[in-house]
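take a look and give me a structure for this.
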Amino acid sequence: MDSIADLERALAHELDTGERILWSGKPDAWKLGWDRGGWAFLVSAAILSLLLGVMVLGTRLPAIWLGDARIVFIVLVAVAAFVTSRSAMKILDGHHVRYVLTDRRLIVLEPEAVTVSFAPKALSELICVGDDSRGSLLITKGYWSNLGNGARWVPATGLIGIEKPREVHRLIRKHLLGASTDDR
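The predicted structure is shown next:
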């Protein structure tokens, strides 16, 4: 899907009659993955390495490897391996995200996920982060939520790690918000 025409054909089921694609881009997958929980990858990988090191050391020092300690270490290694693999998948999933700006809305396409569409009103308070070459256009900033079962990180929403964010912001302001391109 390199050209706008190819993208319009692929999204024919998603686009309304007469809706035109103005811009399409992909995120910086590592930045997107990091914001979605990729930081847990480093933490869990470090813990997994430490636990595996203790297990290897335990085979040389039988006193460490007595009784229930072996079972505890195996369970801890399994949990750390699971968290590490899940976090790695979040980072890799960022490679498949696609942003599409039309003359009516912003669409975020994620394989095996619900397509998210933002109406112009949701884009009226975009926050531009970064420089002219690479950055993000945030609809909401990431934050910690204490609702429900404890604290969890809610990632930022928007166009994360895109090329030429100011240019895309001008397109949104001009075509979706009806603002002059001279406004900043």
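
now do the SS call for residue 88.
helix (DSSP: H, G, I helix; E, B strand; the rest coil).

wait, I meant residue 24
strand.

dump the residue contacts of it.
By Cβ atoms under 8 Å, 6 or more residues apart in numbering, the residues touching residue 24 are 1, 4, 7, 98, 99, 100, 101. Where C-beta positions appear, they are placed from N, C-alpha and C, glycine not excepted.

can you give me the neighbour number for residue 8?
18 (other Cβ atoms under 10 Å).

in PyMOL, select just the buried ones from the contacts of residue 24.
Restricted to buried positions by 16 or more other Cβ atoms under 10 Å, the PyMOL selection for these reads:
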select buried, resi 7+98+99+100+101
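
could you say which helix or strand holds residue 13?
Here residue 13 is covered by no helix or strand, with elements defined by DSSP states H and E.

phi, psi of residue 136?
Residue 136 adopts backbone torsions of phi -140, psi 150, taken as degrees, to the nearest 10.

got the contact list for it?
31, 128, 129, 130, 156, 158, 159, 160, 161, 162, 165.

what's the distance between the closest residue to the third one other than its chain neighbours and residue 167?
It refers to residue 129. Spatial nearest neighbour of residue 129, excluding adjacent residues (Cβ to Cβ, 6 or more residues apart in numbering): residue 136 at 4.7 Å. Going from residue 136 to residue 167 by Cβ to Cβ, to the nearest Å gives 13 Å.
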